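# Whatever this is, show me its structure:
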Amino acid sequence: MRSKGEVEVGEARIEFLVEGTGDTVVLVPGGGLDATYFDGLARRVARGGFRAVAVNPRGVGESTGPLEGLTLHTLAADVAGVIEALGSGPVHLLGHGFSNRVARCLVADRPDLVRSVILLAGVGLVAPDVEIVKALHAWFRQDATESDCLEATKRLVADPATAEPILRQVKRWPAVAAAQAAADRATPRNDWSEPASKAPFLVVQGLEGRLESS
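The predicted structure follows:
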């Protein structure tokens, strides 16, 4: 059974969704998306004997807080506030897409809160081509229309036929996507890209995925 919680972190109030019991797995959604698209994964994690905690970034769902002047450190601190509120010690941390950066920044800033790290579709050794970069930028544009996002998604996924069903499963928050992109630009890459940590990392990248950049 899923429950909700909230925690104040500075000027922000961060909402999180909890399912299951056991060691905690914190799920941080990709750029401009809310935590509900983790529902299927959260249920599987809970059935596996863990407590799944999906975080709504500030500006998403019932999470609130300023969206101006952010850095990845700010977004990482929001997740850290959730972890501390849970009071469960170091957690397994999962970042999807854009939030692989938030996860790595959290490891750099608060290694005491992280037991292990899972990065989904966010880190690769091969840089994407120009077409993919343009599609990704379109997804993060605040003025992007549903049609723009559909065309961008077709370029980002391995099978363009899956783009429309994927979009039906997610809710996009354009202002948040734009704020997260600005936070990324405002944060030096050395702050988060290779955090010094003893926590093990697992990187999951689709063999046919077209987005391979970090």
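# how many neighbours does the closest residue to Arg47 other than its chain neighbours have?
Take Arg47 and drop its neighbours on the chain: the residue closest to it by C-beta to C-beta, 6 or more residues apart in numbering is Gly20, 7.4 Å away. Any C-beta I mention is one placed from the backbone N, CA and C, and that applies to glycine too. Using other C-beta atoms under 10 Å, Gly20 is surrounded by 21 other residues.
# what do you get for Lys4?
Residues near Lys4, counting by other C-beta under 10 Å, number 11.
# One more: Glu164?
Glu164 sits with 11 neighbouring residues when counted by other C-beta under 10 Å.
# do the one 10 residues further on as well
Other residues within reach of Pro174 by the criterion other C-beta under 10 Å amount to 16.
# same question, Pro29
Counted with other C-beta under 10 Å, residues neighbouring Pro29 total 26.
# Now it. Nearest residue, chain neighbours left out?
Nearest-residue entry for Pro29: Ala35, 5.4 Å, with adjacent residues in sequence omitted and distances by C-beta to C-beta, 6+ apart.
# swap in Ile118?
Nearest non-adjacent residue to Ile118, counting by C-beta to C-beta, 6+ apart: Leu94, 4.3 Å away.
# confidence score at that neighbour?
Per-residue confidence for Leu94 comes out at a pLDDT of 98.
# next one: Leu150
Confidence per residue is given as pLDDT, and for Leu150 that number is 89.
# about what we covered before: I figured the residue nearest to Arg47 hits Val53, correct?
No - with the criterion set as C-beta atoms under 8 Å, Gly20 and Val53 do not qualify as a contacting pair; they are 9.1 Å apart.
# For Gly81, grab the count of nearby residues.
Gly81: 19 surrounding residues under other C-beta under 10 Å.
# which element is it on?
The secondary structure element spanning Gly81 is helix 72-86 (assigned by DSSP states H and E).
# ok, now Gly40?
Counting by DSSP H and E, Gly40 is found in helix 39-47.
# Report pLDDT for the residue of the chain most remote from its centre.
No residue in the chain has its C-alpha farther from the mean C-alpha position than Ala161, which lies at 24.2 Å (C-alpha atoms, centre = their mean). Reported pLDDT at Ala161 in the predicted model: 91.
# Alright, that wraps it up for me.
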